[in-house]
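1. quick check, what structure comes out for this input:
(6 chains)
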There are 6 protein chains.
Amino acid sequence: MLVEFGNTRVLCTASVTEGVPRWRKGSGLGWVTAEYAMLPRATHTRSDRESVKGRVGGRTHEISRLIGRSLRACVDLKALGENSIVLDCDVLQADGGTRTAAITGAYVALHDAVTWLAGRKALAGKPEKVMHRSVAAVSVGIIDGEPRLDLAYDEDVTAEVDMNVVCTGTGDFVEVQGTGESGVFARGQLDALLDLAVAGCDQLAGAQREALGR
Amino acid sequence: MLVEFGNTRVLCTASVTEGVPRWRKGSGLGWVTAEYAMLPRATHTRSDRESVKGRVGGRTHEISRLIGRSLRACVDLKALGENSIVLDCDVLQADGGTRTAAITGAYVALHDAVTWLAGRKALAGKPEKVMHRSVAAVSVGIIDGEPRLDLAYDEDVTAEVDMNVVCTGTGDFVEVQGTGESGVFARGQLDALLDLAVAGCDQLAGAQREALGR
Amino acid sequence: MLVEFGNTRVLCTASVTEGVPRWRKGSGLGWVTAEYAMLPRATHTRSDRESVKGRVGGRTHEISRLIGRSLRACVDLKALGENSIVLDCDVLQADGGTRTAAITGAYVALHDAVTWLAGRKALAGKPEKVMHRSVAAVSVGIIDGEPRLDLAYDEDVTAEVDMNVVCTGTGDFVEVQGTGESGVFARGQLDALLDLAVAGCDQLAGAQREALGR
Amino acid sequence: MLVEFGNTRVLCTASVTEGVPRWRKGSGLGWVTAEYAMLPRATHTRSDRESVKGRVGGRTHEISRLIGRSLRACVDLKALGENSIVLDCDVLQADGGTRTAAITGAYVALHDAVTWLAGRKALAGKPEKVMHRSVAAVSVGIIDGEPRLDLAYDEDVTAEVDMNVVCTGTGDFVEVQGTGESGVFARGQLDALLDLAVAGCDQLAGAQREALGR
Amino acid sequence: MLVEFGNTRVLCTASVTEGVPRWRKGSGLGWVTAEYAMLPRATHTRSDRESVKGRVGGRTHEISRLIGRSLRACVDLKALGENSIVLDCDVLQADGGTRTAAITGAYVALHDAVTWLAGRKALAGKPEKVMHRSVAAVSVGIIDGEPRLDLAYDEDVTAEVDMNVVCTGTGDFVEVQGTGESGVFARGQLDALLDLAVAGCDQLAGAQREALGR
Amino acid sequence: MLVEFGNTRVLCTASVTEGVPRWRKGSGLGWVTAEYAMLPRATHTRSDRESVKGRVGGRTHEISRLIGRSLRACVDLKALGENSIVLDCDVLQADGGTRTAAITGAYVALHDAVTWLAGRKALAGKPEKVMHRSVAAVSVGIIDGEPRLDLAYDEDVTAEVDMNVVCTGTGDFVEVQGTGESGVFARGQLDALLDLAVAGCDQLAGAQREALGR
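-> Numbers count the residues shown, from 1 in each chain, chains lettered A, B, ... in the order given. Below is the predicted model:
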């Protein structure tokens, strides 16, 4: 599925394989992992391909791990059974918030994959048990002293504080990552950002339910 | 620009940089190069990312080189002046003929880039001199003894002969690559395939002119 | 300097080079970066060397970037002048909290390096302006429903929530990274963890002042 | 065996292993593959070793794949049985046409290997069924408007069109690769080049028969 | 264990795994190997990490191989049984003679590992049969025409001849590596260096016995 | 030049470049380095290409370094002036003693290169000053208790002691590398091996003089 947030466009697909990596065989548990990448021209200035450079950069690794962790939080791996799902999040166009858009879109792709597995009777548990939570993510930040939701790229680079928040559909936290890019932040500011993020994620949870036809 | 041939979809973009690679500096000549890649889920079965494997595969290299060579054939590098253009061809969905679709689409992206450079008065020569030819490409093949145009993936793997042909808008050849995948081919068959390819490229040249608004 | 937190031992050194990387030359700004690594036998079970595997893993990259970002937050790069400082954090023995120990120790090594530069009159500004803040970091988590400071490795793997917090000496936040490793966390739990972390960092700031002989 | 064409010298050897790569086990089919490489001093100016650069270049890959494909065209993999043959083509001295010399020489090395396997009664079919065709290859080109056979390196770089043709001993095509290096080519020119290539391959087929003592 | 020779400090650890690499399975023989590395700040000037450079340098490889070979010389691999021991030698501080210090220290770590295996009744033979010899190593050299034992780094770089000698506890040779760094050496000089080395190793053998509590 | 010792065949070539690597510029000193490699089929059993494996192995590195060091010992780098010479030693066929054959042959190739530079008046000093020594190398070993010169491969793997010795034309040592492959060796055995090696090198020095036409 193609997720669009403002000018950010991320292609999220889920690929299902029967069976799990060797180190997990016989455990009865499934496996969910994610790979994030940017097309070279997703950004305003062309960046070199990581395949050509011969190594995946630190930022790419870090975001892939974040997406994988966030999505595993909404899946009961036992109910999934020994199936593997790879979530590919390829950024076609980037304008801030690519990692949070990827998480939000990957949830829908993952849900579709689980429904498809259910249709083939390949799950160990019931589908609603496999997907026992929804997750969505937003980026928030402080610009000119003001807390803001959904930073575009231009805002992102000038933000004093930049925070990515992953929430469940019921408003609990899965992941909170806040950085004082050019400065530090006080407890009061942190609280305001968290309020904003929770509200933003709640709205996305609604959009996800809609996309899944419920 | 997004090129679609049947179910094959390739995203072709041109990125312009002022200046040329170091080994070319001071020559007065521009540089045009191409990079081809497939998203992991472009094919029916997910393939591993080359960035994760840490090396660009032989097939990818070979196609990137073919695209670059074909596009350089339609550019007067002297008239381009010391500018570099990178053509990125990313296959979002693959159903046969991805390399020929990439060449055909990259021509349009390249033309746009040259027009943009002309608008900034950054070319050494006139734009119509820079782009002194058009190029388009098709894949043809022999299936069950019959010459065929535009093989889809299912046909491609069963083709006895598989041929990629790159032609100019005036019907000359830029590149001819024919392989007896499962068998060999006689001179008469080769001639029939070339006829078919020239006709196919001619049709694409018309579509390119249309896309460029002429 | 060798930092010890419980059974965790990290060797933190600062290396100073005159000048900055090429892309920064002439900017008048200095550069601070960090590299984190584990000896193969730092953990209970030997892990393979990344030099032998031929690539730095995602986790190592991620931690190196966190340490670098945290330390840059306490340095005025303009006052540092065009000097580069590399902070090497090598884990000799690991028992949880290696990244937060590395940040806390690297601050002291960085302070020493700046004092050494000051002694050679190589700074662009006054040393107290260069090091305008101190930083320290702790790991906190929830185990059996209880918020806890300074998780040892055994606790770390069983923690429901794991959070790394980097604070300045005056109690502001530089970085907050919280993950629901095996579960999610509510706002109230997050607040309790932050309280605990701020208090822990305050204590470390005192120890740092002592180590720096003030 | 050492192949010499003018000043081009290529060492072609065939290495036989019982069994096939894992993905092919149990298929009853054999496997033939090729690796092409140049010694650093094969060319007039020393080129860096690919082992030292840490990656096999695009050109090397492309030629290795071409050689492998061409040689598989003359082998019945079923009659070969589950044996693997690697053809190593190492260029000791290069003066144009290294890839076509490699194919022509590798055919003889392959034939010897099959005879050796026959002697050990390790083939699934009869040797003449395994090697049901011969292949040879030539490079042709257009220089100063003239079609030419067997380009030397000096000619190669100035050729307007450069074409490699692989033919069977009975004059059918296995592979046709033509490139307008500095220009394009008309259908008439292509036809003239093909005529020349077929005649050249026919002559080589005779030399191969002689080398194999028939 | 931490070995100190003058200002050289090397951390030597032995890691035991049950079983042997695949190519050795079923042979009844154990396996002993070594990995040597330097922390980036072990030397006076910081050197880049090999993990970051993406490849292990020639010098590192060479020393790792030397250590492995020397330690295998004192082990009866049959009596060790199918166990693998990896010796990690990490140089924390380097002031000449790091490879010989590593060998001398690794012997003690290896002895401890064998004793530990004996305690778990995991050896195929008796411990004193497994460790049927001791090994120790020294570096000797000629400086200003004078044979010298245990060169510090400053001496090492100015030495005319540099020699590493590995001896058993009974004065036999395991390995002799002598290089005329800036000059050549006559037979008489070689003899003098060997005398000095044998005496030095004998002294170390005593220290090793002491460290092992005998 | 092609060196043959028994069944060992090594192709040694010297490539001259004006100028030296960047780190050496302006020093007035030349540079001599060596690269050693084996063709995959040089040995009885085919070994994988290091270019395909993506890294140069430890053994290859070690031998390249040995050859480079040995050849630098016979060159006055100041008299060479700012010229670089790369010695490529490619083993076409291996039957023991490849590294010593490479050194012996590379000396002749190096001498030719220096003569060629002299002819172009590109040396800083006189040619006889540049090549102020000759070097040659042999492998010796102990088999069944007997010291032996020039081990073939079959002997090499069964040798109890294996030693490579590099000598000047006047019988001094440049490098001595002795290893107890399967056992240790006493001082008396070492002395016998050195005697044998010196005599062998002396004979080779004669052959080199002959090859150089003196």
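2. surely A:Val20 touches A:Val32?
-> No - contact criterion C-beta atoms under 8 Å: A:Val20 and A:Val32 do not qualify, at 10.3 Å. Glycine gets a C-beta too; all of them are placed from N, C-alpha and C.
3. overlap in contacts, those two.
-> Contact criterion C-beta atoms under 8 Å, 6 or more residues apart in numbering or on different chains; residues shared by A:Val20 and A:Val32: A:Ser84.
4. between those two, who's got more neighbours?
-> Neighbours per residue (other C-beta atoms under 10 Å in any protein chain shown) separate A:Val20 from A:Val32, with A:Val32 holding more: 25 against 20.
5. you'd agree the more buried one is in a strand?
-> Yes - assessed by DSSP: H, G, I helix; E, B strand; the rest coil, A:Val32 belongs to a strand.
6. residues in contact with it?
-> A:Val32 touches A:Gly68, A:Leu71, A:Arg72, A:Val75, A:Leu77, A:Leu80, A:Ser84, A:Ile85, A:Leu87, A:Leu110, counting by C-beta under 8 Å, 6+ apart.
7. would you turn the residues you listed into JSON lines with pLDDT and distance to chain C?
-> Compiled in JSON lines, these are given as follows (pLDDT from 0 to 100; distance: C-beta to the nearest C-beta, whole Å):
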{"residue": "A:Gly68", "pLDDT": "96", "distance to chain C": "10"}
{"residue": "A:Leu71", "pLDDT": "96", "distance to chain C": "13"}
{"residue": "A:Arg72", "pLDDT": "95", "distance to chain C": "10"}
{"residue": "A:Val75", "pLDDT": "94", "distance to chain C": "12"}
{"residue": "A:Leu77", "pLDDT": "94", "distance to chain C": "11"}
{"residue": "A:Leu80", "pLDDT": "96", "distance to chain C": "16"}
{"residue": "A:Ser84", "pLDDT": "95", "distance to chain C": "19"}
{"residue": "A:Ile85", "pLDDT": "96", "distance to chain C": "19"}
{"residue": "A:Leu87", "pLDDT": "96", "distance to chain C": "16"}
{"residue": "A:Leu110", "pLDDT": "96", "distance to chain C": "17"}
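8. and those residues as a markdown table, adding distance to chain B?
-> As requested, the contacts of A:Val32 are exported to a markdown table (distance: C-beta to the nearest C-beta, whole Å):
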| residue | distance to chain B |
| --- | --- |
| A:Gly68 | 13 |
| A:Leu71 | 16 |
| A:Arg72 | 19 |
| A:Val75 | 19 |
| A:Leu77 | 20 |
| A:Leu80 | 18 |
| A:Ser84 | 10 |
| A:Ile85 | 10 |
| A:Leu87 | 10 |
| A:Leu110 | 14 |
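9. most neighbours, which of the residues you listed?
-> Top of the contacts of A:Val32 by neighbour count (other C-beta under 10 Å): A:Leu80, with 28 neighbours.
10. which bits of chain A sit near chain C?
-> A:55-59, A:61-62, A:64-65, A:69, A:73, A:133, A:163, A:168, A:172-180, A:183-187, A:190, A:194, A:198 (C-beta under 8 Å from any C-beta of the partner chain).
11. these in helices, which ones?
-> Counted as lying in helices by DSSP state H, out of those, are A:Gly58, A:Arg59, A:His61, A:Glu62, A:Ser64, A:Arg65, A:Arg69, A:Arg187, A:Leu190, A:Leu194, A:Val198.
12. nearest spatial neighbour of the fifth one, chain-adjacent residues omitted?
-> Think A:Ser64. A:Tyr36 (4.6 Å; C-beta to C-beta, 6 or more residues apart in numbering or on different chains).
13. check the second one too.
-> Here the nearest residue to A:Arg59 in space, its sequence neighbours aside, is C:Arg65; by C-beta to C-beta, 6+ apart that works out to 7.8 Å.
14. that neighbour and C:Leu11, how far apart?
-> 19 Å (C-beta to C-beta, to the nearest Å).
15. thank you, goodbye.
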